[in-house]
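# how would this look folded up:
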Amino acid sequence: MLYSFRRCPWAMRARLALRYAGCAVEICEVTMKNKPAELLALSPKGTVPVLDTGAAVLEESLDIMRWALQQHDPDDWRLQADPAAAQQAEALIARNDSQFKAQVNLYKYAERYPEHSRAHYRQQAEPWLATLEQLLEGRPYLLAENPSLADAALLPLMRQFAGVEPQWFAEAAYPRVRSWLEGWLASELFKAVMAR
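Numbers count the residues shown, from 1 in each chain. Presented below is the predicted three-dimensional model:
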């Protein structure tokens, strides 16, 4: 059983990996204002996603993604054929989940942080976009010719970032990041995990 919230970026990436790996998991859509007792019994902090595998309870989206890929990884999202790229994936995810997460929060909710403008918060995040733009040079995905754990893990926050000022993102100097994001959003996998 996966406890999830449809629009939560962390739950989104957990669902992506579970779906890709073909894990037959029942999904319980959680209303964050009215959390089910079963969720709180498994995970007292009450955040999503939480996966009860039957053998263990996983409370972090990345742990859920890794668990799913251990079950089945047909297209080598773990980059086992390229250990250096797999290491790079871990570094990208770590930066996404700390620095970029904080930047997206400031940018998206700029009115709560009036000490700087929204444009200022956006500019703080742009070096990250430039890094990803460079990685996408000459290939459709961040670290290989095929998707990896890094692509799926970074996708939801980039989707959130792009949605703050869609016009700016559409015209920004990051065409490869834009095309990478659009490709994911149009994919059958993404559509399946976002279906109501």
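# domain-wise, how is this protein divided?
Split into domains by automatic domain parsing, the chain comes to 2-74, 83-192.
# ok, the closest residue to residue 193 other than its chain neighbours - contacts?
Of all residues not flanking residue 193 in the chain, residue 15 sits nearest, at 4.0 Å (CB to CB, 6 or more residues apart in numbering). From N, CA and C alone the C-beta is placed, and that goes for glycine too. For residue 15, the contact set (CB atoms under 8 Å, 6 or more residues apart in numbering) comprises 2, 4, 27, 49, 193.
# what do you get if the cut-off is 10 Å, keeping everything else the same?
By CB atoms under 10 Å, 6 or more residues apart in numbering, the contact list for residue 15 reads 2, 4, 6, 8, 25, 27, 49, 61, 64-65, 68, 152, 156, 189-190, 192-194.
# now, of these, which are buried?
Buried subset of the contacts of residue 15 (neighbour count, 16 or more other CB atoms under 10 Å): 2, 4, 8, 25, 27, 49, 61, 64-65, 68, 152, 156, 190, 193.
# including pLDDT, could the residues you listed go into CSV?
Output for the buried ones among the contacts of residue 15, formatted as CSV (pLDDT from 0 to 100):
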residue, pLDDT
2, 97
4, 96
8, 96
25, 95
27, 96
49, 97
61, 98
64, 99
65, 99
68, 99
152, 99
156, 98
190, 98
193, 97
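# which of these fall within helices?
The helices, defined by DSSP state H, take in 61, 64, 65, 68, 152, 156, 190, 193 from these.
# quick one: which two of the residues you listed are the most distant?
Across those, the longest distance by CB to CB is 16.9 Å; it joins 64 and 190.
# residues of stretch 101-119 that come out buried?
Result for stretch 101-119 [16+ other CB under 10 Å]: buried residues 103, 104, 106, 107, 108, 110, 118.
# between those residues, which is closest to residue 20?
For the buried residues of stretch 101-119, the nearest to residue 20 is residue 104 (23.6 Å; CB to CB).
# please name the nearest non-neighbouring residue to the closest one.
What sits nearest to residue 104 in space, not counting adjacent residues and going by CB to CB, 6+ apart, is residue 161, at 5.1 Å.
# tell me the mean pLDDT over the lengthiest helix in the chain?
The residue-count maximum for a helix in the chain (DSSP H) belongs to helix 118-135. Mean pLDDT, helix 118-135: 98.
# quick check: buried residues in it?
118, 121, 122, 124, 125, 128, 129, 132, 133, 135.
# name the helices or strands packed onto it?
helix 83-95, helix 101-108, helix 149-164, helix 166-171, helix 175-186 (3 or more CB pairs under 10 Å, 6 or more residues apart in numbering; DSSP states H and E).
# single out the most deeply packed of the ones you listed.
Highest mean neighbour count among those (mean count of other CB atoms under 10 Å): helix 149-164, with a mean of 22.
# okay, the angle between it and helix 175-186?
Interaxial angle, helix 149-164 versus helix 175-186 (axes from the mean of the first three to the mean of the last three CA atoms, to 10 degrees): 100 degrees.
# what is helix 149-164 packed up against?
helix 9-20, helix 61-71, helix 83-95, helix 101-108, helix 118-135, helix 166-171, helix 175-186, helix 188-194.
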